[in-house]
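Asks: here is a sequence with its predicted model. Questions after.
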Amino acid sequence: MSRFLRSLFEKELAWIRSLLPSRSRRKKISPTPADASPPGPPAAPTDAAIYRQKSPSRSLKKRRGRAPSARTTRPAKRTRQKPLISPHRAAPLKREIARSPADPFASVVAAVVLHATLLLMVYPILFPIAEDPPPPKTFVIRWEVTEKKVTKAEPPAKLPDPLPEPQPTPETEEKPIEVDPALEEIATDPVEDNEPVVAGVATGNGSSGNHRVGESRSRALQSHGGNTSTEDSVLAGVQWLIRHQDQDGSWSPDRFDRHCEDRDNPCSGHGYSEHRAGITALALLALLGNGHLPNRSGDAASMACDRAIQWLLNHKDPDGCIRTDITKGARNLYDHGIATFALCEAAQLTDDPALIEQARSAVRFLESSQQPGGGWDYTPSPSLRNDLSITGWQALALHAAIEAGILPNPTTIQSIDRYLNRAIDETGHAVYSDRGRGRGRTGYGIDAVGLITRLALGHSPISEESLACAQRIANSPPRPDLRKDWDLHPQSMYYWYTATLALFHVGGAPWRKWNQQLQLQLLPLQVQEGESMGSWNPDPNWIGAAGGRVAQTALGVLTFETYFRYIPMYQKLGIARNPRDR
């Protein structure tokens, strides 16, 4: 196309040049006879011409020393210049008139019109007009729930075969426990719970909308496997915690026995004093889980909640970290994660704007202390170590924050998911740490932490991974007699609490199997007399030594509050209203 246009342009240019005069065609015009001088001998020079030809210096020499004469003072006569053009010509010379084309303006106009026409013809080819995009299509999807009426003639639908139970690993091969026939009724299928669920909270006649008390609590106990024995256990544990709270609102891990009335036989089981913030938060969670709210009823439990919340807020530094010693103490992510968990749950239950903002700042510090690998370590400084146990508490805190309307940064959740994909395989086997202390350690204890962490972040409770992990945990029920050999059998109150939470949200056969053994083994461990009545003795391992009696009792109360503290995730998602439906 470009070659064709170029040749066309050259032809037009040659045609225009042919209309214009060429300088090479002009004739050389010679002077006319009128302008030529007549032939003949040259005229003699005049006196004026001779005078002009004399040297100026010679004239000055002659004039020196004599007076000027009248001749010298007289101006010289000017000779008449010969005109350039002869006045005798009869007509103008031909060389004075430039030869012009016949009509130059018409040629230029024709060229412009021709080029404009060609441009209009070529432009659509070189620059085609883009077609308009098709109008967007809108699809409307409606979710309609239809009830299928089953007639007597129609056979019932066949339930899918249950997943095969995975083979137990060597560490889970424990001596089976004989079930007491008196407790067989605990494992029976729960009754149908027809209570509607709105926004994740069961409706009912609870006071001030608190579904952890009143009729809602009774229905939850009946539906999920609780009974009067578990209720008595929770009440006794809460009363022990209230009796041993310090006046400033905290719970001392190592000096709680100052509040014992029997000075001869005080409570034992001291913990580590540096974990005062985390242990206080655990005790506060136990009170909140029983339905007690700060500044509501004015009773001992309500006042205890209020004092505990104020102590946590007073021990939050300007960066938002909650720690035991705000002036010189170290920042521990175990303590901060549990404390953030408690503040977010209190903010959700009270809907207090000031408390929500305090919880928000704690969540922001939690996010800022996340390791580059997506998990958390003991300290907020970057260590490149990801600890699944510490990460589990941060995930529970973030879940409580979301329930309170405090939304974390999406990148925080995405980073946790990437870390969990590395730490947990497709069958639910989890690794405690990827470097440093506990690197590569596995077992059903950390599997329970991994499962509840995934569920807290919104993973499905009935996926193949969740069901396989839940079945493996149910095959490793509570065994208090194995707590001393913790390295081989990670039996502890911490394991029993996390496993209870995880299996409760999964539901089905794993939950019923676990709940039966939970009540069989843990209820008899609670102290029934003396100053320690209502508490649990610390585990005979390093976990019990760190938390002491206060942490052990708080975890025990939280474990038996699970029936009404939460609504199962499978029920929230509408997967099955009743576990036996699966």
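Replies: The structure has been received and is ready for your questions. Residues are numbered from 1 along each chain as shown.

Asks: quickly find the element holding Pro461.
Replies: Using DSSP states H and E, Pro461 sits in no helix or strand.

Asks: same deal with the one 5 residues further on?
Replies: Under the assignment given by DSSP H and E, the secondary-structure element containing Ser466 is helix 464-474.

Asks: try Ile338
Replies: Using DSSP H and E, Ile338 maps to helix 333-350.

Asks: low pLDDT regions in the stretch 401-550 of the chain?
Replies: Within the stretch 401-550 of the chain, no stretch has pLDDT under 70.

Asks: give me the secondary structure label for Leu398.
Replies: Leu398 falls in the helix class when you classify it by DSSP: H, G, I helix; E, B strand; the rest coil.

Asks: for the strand or helix carrying Ile309, packing partners?
Replies: Using DSSP H and E, the element containing Ile309 is helix 300-314. Secondary-structure packing of helix 300-314 (3 or more Cβ pairs under 8 Å, 6 or more residues apart in numbering; DSSP states H and E): helix 228-243, helix 276-289, helix 333-350. All C-beta atoms are positioned from the backbone trio N, CA, C, and that covers glycine.

Asks: ok, which of these comes nearest Asp425?
Replies: helix 333-350 (24.6 Å; Cβ to Cβ).

Asks: what is that closest one packed up against?
Replies: Helices and strands touching helix 333-350, by 3+ Cβ pairs under 8 Å, 6+ apart, are helix 276-289, helix 300-314, helix 353-368, helix 388-403.

Asks: dump these to JSON lines, plus distance to Pro490 and mean neighbour count.
Replies: Compiled in JSON lines, these are given as follows (distance: least, Cβ to Cβ, whole Å; neighbours: other Cβ atoms under 10 Å):
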{"stretch": "helix 276-289", "distance to Pro490": "19", "mean neighbour count": "28"}
{"stretch": "helix 300-314", "distance to Pro490": "29", "mean neighbour count": "20"}
{"stretch": "helix 353-368", "distance to Pro490": "26", "mean neighbour count": "19"}
{"stretch": "helix 388-403", "distance to Pro490": "11", "mean neighbour count": "24"}
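
Asks: who wins for proximity to Ser463 among those helices?
Replies: Of all the helices and strands packed on helix 333-350, it is helix 388-403 that lies closest to Ser463, at 17.0 Å by Cβ to Cβ.

Asks: now the helices and strands packed on helix 300-314 as CSV including distance to Arg549 and mean pLDDT?
Replies: Shown next, in CSV, are these (distance: least, Cβ to Cβ, whole Å; pLDDT from 0 to 100):
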stretch, distance to Arg549, mean pLDDT
helix 228-243, 9, 97
helix 276-289, 10, 98
helix 333-350, 17, 97
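
Asks: so which of those helices comes closest to Ser18?
Replies: Distance to Ser18, taken as Cβ to Cβ, is lowest for helix 333-350 among those, at 93.4 Å.

Asks: restricting to C-alpha, output the closest one in CSV.
Replies: Output of helix 333-350 as CSV, limited to C-alpha atoms (Å, rounded to 0.1, in the frame of the first residue of the first chain):
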residue,chain,number,x,y,z
LEU,A,333,2.4,-13.9,72.0
TYR,A,334,0.8,-16.7,74.1
ASP,A,335,-0.3,-14.1,76.6
HIS,A,336,-1.3,-11.5,74.0
GLY,A,337,-3.2,-14.0,71.8
ILE,A,338,-5.3,-15.3,74.7
ALA,A,339,-5.9,-11.7,76.1
THR,A,340,-7.0,-10.5,72.6
PHE,A,341,-9.3,-13.5,72.4
ALA,A,342,-10.9,-12.5,75.7
LEU,A,343,-11.3,-8.8,74.9
CYS,A,344,-12.9,-9.6,71.5
GLU,A,345,-15.4,-12.0,73.0
ALA,A,346,-16.3,-9.4,75.7
ALA,A,347,-16.7,-6.8,73.0
GLN,A,348,-19.0,-9.1,71.1
LEU,A,349,-21.2,-9.9,74.1
THR,A,350,-21.4,-6.3,75.5
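
Asks: and the contacts of stretch 556-565?
Replies: With contacts defined as Cβ atoms under 8 Å, 6 or more residues apart in numbering, stretch 556-565 is touched by 211-212, 216-217, 220-221, 224-226, 230, 233-234, 237-238, 241, 282, 285-286, 289-290, 493, 496-497, 500-501, 504, 518, 522, 525-526, 535-536.

Asks: now do the longest helix along the chain, average pLDDT.
Replies: In terms of residue count, the longest helix belonging to the chain (DSSP state H) is helix 104-126. The average pLDDT for helix 104-126 rounds to 78.

Asks: quick one: buried residues of it?
Replies: Within helix 104-126, no residue is scored as buried using 16 or more other Cβ atoms under 10 Å.

Asks: helices or strands up against that helix?
Replies: Packed next to helix 104-126, using 3+ Cβ pairs under 8 Å, 6+ apart, are helix 2-19.

Asks: give me the angle between the helix it packs on and helix 104-126.
Replies: Inter-element angle recorded for helix 2-19 and helix 104-126: 180 degrees (by axes from the mean of the first three to the mean of the last three Cα atoms, to 10 degrees).

Asks: in helix 2-19, what's buried?
Replies: Per 16+ other Cβ under 10 Å, helix 2-19 contains no buried residues.

Asks: what about it, average pLDDT?
Replies: Mean pLDDT, helix 2-19: 78.

Asks: toward the C-terminus, what is the element adjacent to the helix holding Ser466?
Replies: Taking DSSP H and E, what comes next after helix 464-474 is helix 493-506.

Asks: can you name the residues in contact with that next one?
Replies: With contact meaning Cβ under 8 Å, 6+ apart, helix 493-506 is reached by 224, 392, 444-445, 448-449, 451-452, 455, 461-462, 466-467, 469-470, 473-474, 478, 510-511, 514-515, 518, 522, 536, 539, 543-544, 552, 555-556, 558-559, 562-563, 566, 568-570.
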